[in-house]
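Undergrad: any chance you can model this:
(one chain, ligands or ions: 1)
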Amino acid sequence: MAQIIDGKKISEEIKSEIKERTKLLLDSRGIVPGLAVLLVGDDAASSIYVNSKNKACDALGFKSIVERMPADAKENEVISLINKWNSDPEVHGILVQLPLPKHINETKVLLSINPTKDVDGFHPESVGRLVVGLPGFVSCTPAGIFELLKRSNIDISGKHAVVVGRSNIVGKPIANILYQKKKHANAVVTICHTGAKDLSYYTKQADIIIAAVGKPNVIKADDVKDGVIVIDVGINRVEDSSSPKGYKIVGDVDFDSVAPKASAITPVPGGVGPMTIAMLMHNTLLSAEGNLFDE
Ligand code: NDP
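TA: Coordinates of the predicted model:
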C-alpha cells in the first residue's frame, strides 16, 4: 500500500517552524511579519479563504490587515490601496484575493504589487525569477507541493514528472520548480492540458504525477504505472447522499483505485490543501526577514 503523504501534519510542522522564527525575528530585531489582504466583493468562498489566512496570522504572531471593498469598487481605488501598502514598512506581504470582479483588470492589479512584497508569487517578476532560477517568491500551492515531496524524502532527480494542467497558479509554476537544476529538483517534466489527445499515454509513463485539473476521477488505475508517486491538487465537490451535507470533496485522481498501485499519494482533503496557507505564511516571513533576494 502506498505511503500516504500527510499534508496536514507537514503543514503543522512548517507552521511551528515559522512560529519559532517569528519569535526570533521579534526578539532579535523587533520585526513583526505583516500580511495585508484585499478582498473585493462578497464571494463566499473567497471570504472563507481570507478568514483562514487571518486566523493563521493570529496563530503565528503575524500582523494581519484585511481590507474589504464592495464589488463595485473602482480599479484605481484598488491600486491606490496597494500603493499605500507598497510603501508601508509594516506590510511585508500583499495578497489580492482572486478572482476580482470582471470590471477590474486583474493583470494591472497584480502588476501594481511591489515584487518585494508579492507573497502570492503571481507578479510576472516573481514568475520570471522562478523560470530563470533566481531567488524570489514562489506561489504558494506549487511551493507547498515541492515541500511535500521534499519532506517526504521523495527524490525526484532524473524522474519523469507529468504535470496535468497548465494554469498560472498551479500547473506552470510547479513544472518550473520540478525541472530546475537545483537540489531536490532536477526532474524531467512533461506538461499536459486539454490539447493532449490521449492523456493516459503520458500519465502511464510518469514516475510522478501532479494532477491540477479540477475534474474528479480524471486519472484512474489504468492510467498509471506501478510505483507511481501521485500529488493530487484537485478540489472537486461531488454529490454524496451518505454525507449530511449531500456532497464530499474529492481530488482529480481516483484515490481508491490508484492508491494500491502507487508508492506514495496525497489524499484529498488533507494533502496539498493545507500546504497553501502554510507557504503563504512562510513567504511572508521570508519577506519580513529581508534576505530572500540575496544570492
Ligand atoms: P484551471 O481550471 O485554471 O486549470 C485546469 C487545467 O487543467 C487547465 O490547464 C486545463 O487545460 C487542464 N485540463 C482540464 N481538463 C483536462 C483534461 N481532461 N485533460 C488534460 N488537461 C485538462 O485550474 P487550477 O490550476 O486553478 O486548479 C486545478 C485544481 O486544483 C482545481 O480543482 C482547484 O480547485 C485546485 N486547487 C487547489 C489548491 C489547493 O489545494 N490549495 C490551490 C489551487 C487550485 P487547458 O489549459 O487546455 O484548458
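Undergrad: so residue 189 sits against residue 163, correct?
TA: Yes - Residue 189 is within contact range of residue 163, at 6.4 Å (criterion: C-beta atoms under 8 Å). Where you see a C-beta, it was placed from the backbone N, CA and C, and this is true even at glycine.
Undergrad: okay, these two: which has more neighbours?
TA: residue 163 (32 against 20; other C-beta atoms under 10 Å).
Undergrad: so where does the more buried one fall, helix or strand?
TA: Secondary structure assigned from DSSP states H and E places residue 163 in strand 160-164.
Undergrad: dump the C-alpha coordinates for that strand into CSV.
TA: Included here for strand 160-164 are C-alpha records, laid out as CSV according to Å, rounded to 0.1, in the frame of the first residue of the first chain:
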residue,chain,number,x,y,z
HIS,A,160,9.8,11.7,-15.1
ALA,A,161,7.1,14.1,-13.7
VAL,A,162,3.9,14.6,-15.6
VAL,A,163,2.0,17.7,-14.7
VAL,A,164,-1.6,17.6,-15.7
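Undergrad: okay, buried residues for it please.
TA: Of all the residues in strand 160-164, those buried under the rule 16 or more other C-beta atoms under 10 Å are 161-164.
Undergrad: for the protein, which segments count as helices?
TA: 7-29, 44-60, 75-86, 106-112, 124-132, 140-151, 171-178, 199-203, 255-258, 273-289 (DSSP state H).
Undergrad: related to what we said a few turns ago, show the overlap between the buried residues of strand 160-164 and what lies near the ligand.
TA: residue 164 (C-beta under 6 Å from any ligand atom).
Undergrad: ok, back up a step: give the residues shared as contacts by residue 189 and residue 163.
TA: 175, 178 (C-beta atoms under 8 Å, 6 or more residues apart in numbering).
Undergrad: which two among the buried residues of strand 160-164 are spaced furthest apart?
TA: Spatial extent of the buried residues of strand 160-164 (C-beta to C-beta) is set by the pair 161 and 164 at 10.5 Å.
Undergrad: spit out the residues that contact the two alike.
TA: 209-210.
Undergrad: list the contacts of the residue of the stretch 1-150 of the chain found nearest the ligand.
TA: Proximity of the stretch 1-150 of the chain to the ligand (C-beta to the nearest ligand atom) peaks at residue 141, 4.1 Å away. For residue 141, the contacting residues are 169-170, 174, 233, 272, 275-276, 279, by C-beta under 8 Å, 6+ apart.
Undergrad: one more: residue 73?
TA: 40-41, 101, 104.
Undergrad: what's the spacing between it and residue 95?
TA: For residue 73, the distance to residue 95 equals 16 Å [C-beta to C-beta, to the nearest Å].
Undergrad: residue 178: neighbouring residues, count only.
TA: Residues contacting residue 178 under the criterion other C-beta under 10 Å number 24.
Undergrad: hmm, I typed the wrong one, I wanted residue 52.
TA: Neighbours of residue 52 using other C-beta under 10 Å come to 12.
Undergrad: these two touch, right, it and residue 277?
TA: Yes - in this structure, residue 52 is within contact of residue 277 by C-beta under 8 Å, at 6.1 Å.
Undergrad: return the residues of the chain in contact with the ligand.
TA: 141, 164-167, 169-171, 192-196, 199, 212-215, 218, 233-236, 272-273, 276.
Undergrad: which among those residues end up buried?
TA: Of the residues of the chain next to the ligand, these count as buried by 16+ other C-beta under 10 Å: 141, 164-165, 169-171, 192, 199, 212-213, 218, 233-234, 236, 272-273, 276.
Undergrad: okay, now the unreliable bits of the stretch 151-295 of the chain?
TA: When residues are selected by pLDDT under 70, those of the stretch 151-295 of the chain lie in 295.
Undergrad: tell me which stretches of it form strands.
TA: 160-164, 188-192, 208-211, 229-232, 236-239, 247-250, 264-265 (DSSP state E, counting those that start in this stretch).
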